[in-house]
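Chemist: quick one: sequence plus predicted model below, questions after.
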Amino acid sequence: MKEKYTKSNYPNKNLEFETYYEGDTFITKHYHNAKNAYIKELTTLTDGIKEVKHFTIKGVLAKLEYFVDDKRHGIETKYLIPKANKSVKSTKIYEDGKLHGECITYNDNDEIIKQEVYALGKLTLKYLRDDNHNIIKIQIVDKDSIANLSKSEYEKLQGNIAENPDLFID
């Protein structure tokens, strides 16, 4: 059943969107130049957590993200479109609207190609990799932010420092 149905045009008339509810799910469709070519967002709210799923024109899941009090919170996952629902392109962790935790980017073979760690929105650590995607160095980008790392990231950092002190660069 459609409730609160709205439809709007952007000034250039090449993009329009419509929004409506189906049960507890809020649906937004973004149309690009044609009525049958749209990007779809499904938004559900459960216990104060808003889950937003973004789908491509072909209906393939492209991104999944969460919000609390209209701020990003939790894991944002982007998928490789040709392999969507199977392969992850990247993951980012947010807390109270700021990057806070590990952000990882993968290639088409599910290998990590970029890995960074944030603490309350500040880039704190970068993992540098060789052509085979092996960690060769860990760069501490912001020493002052180390104290703000999540407990698990802080413990992981301390373990790496103790076991592999030669990996670290400033």
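Modeler: That came through fine. Numbers count the residues shown, from 1 in each chain.
Chemist: domains for this structure, by residue range?
Modeler: By the assignment in automatic domain parsing, the chain contains the domains 1-99, 119-170.
Chemist: ranges for the helices of the chain?
Modeler: For the chain, applying DSSP state H gives helices covering 151-163.
Chemist: so where's it shaky on pLDDT?
Modeler: Residue ranges of the chain with pLDDT under 70: 1-14, 33-37, 83-85.
Chemist: quick one: residues contacting the residue nearest the centre of the chain.
Modeler: Centroid-nearest residue in the chain: residue 76, 2.8 Å away (criterion: CA atoms, centre = their mean). Neighbouring residues of residue 76 by CB atoms under 8 Å, 6 or more residues apart in numbering: 63, 64, 65, 66, 91, 92, 93, 94. C-beta coordinates here come from the backbone N, C-alpha and C atoms, glycine included.
Chemist: quickly note the distance from it to residue 154.
Modeler: Distance from residue 76 to residue 154, counting by CB to CB, to the nearest Å: 22 Å.
Chemist: one step back: quick check: the farthest pair among the contacts of residue 76?
Modeler: Maximum pairwise distance among the contacts of residue 76 (CB to CB): 14.5 Å, between 63 and 93.
Chemist: between those two, which is the more surrounded one?
Modeler: Between residue 63 and residue 93, counting by other CB atoms under 10 Å, residue 93 is the more crowded of the two (20 against 17).
Chemist: look up how far residue 73 lies from the closest residue to that one other than its chain neighbours.
Modeler: Distances taken as CB to CB, 6 or more residues apart in numbering place residue 101 nearest to residue 93, at 3.1 Å, with adjacent residues excluded. In this view, residue 101 and residue 73 are 11 Å apart by CB to CB.
Chemist: find the residues that touch each one of these two.
Modeler: Common neighbours of residue 101 and residue 73 (CB under 8 Å, 6+ apart) are 94, 95.
Chemist: picking up where we left off before, how many residues are close by the residue nearest to residue 93?
Modeler: Neighbour number of residue 101 under other CB under 10 Å is 20.
Chemist: for residue 117, same thing?
Modeler: Using other CB under 10 Å, residue 117 has 28 neighbouring residues.
Chemist: okay but it is in contact with residue 138, surely?
Modeler: No: using CB atoms under 8 Å, residue 117 makes no contact with residue 138, being 9.4 Å away.
Chemist: among the domains of the chain, which comes closest to residue 113?
Modeler: domain 119-170 (6.3 Å).
Chemist: centre of the chain to the closest one, how far?
Modeler: 20 Å (CA atoms, centre = their mean, to the nearest Å).
Chemist: do the same with stretch 92-112
Modeler: 6 Å.
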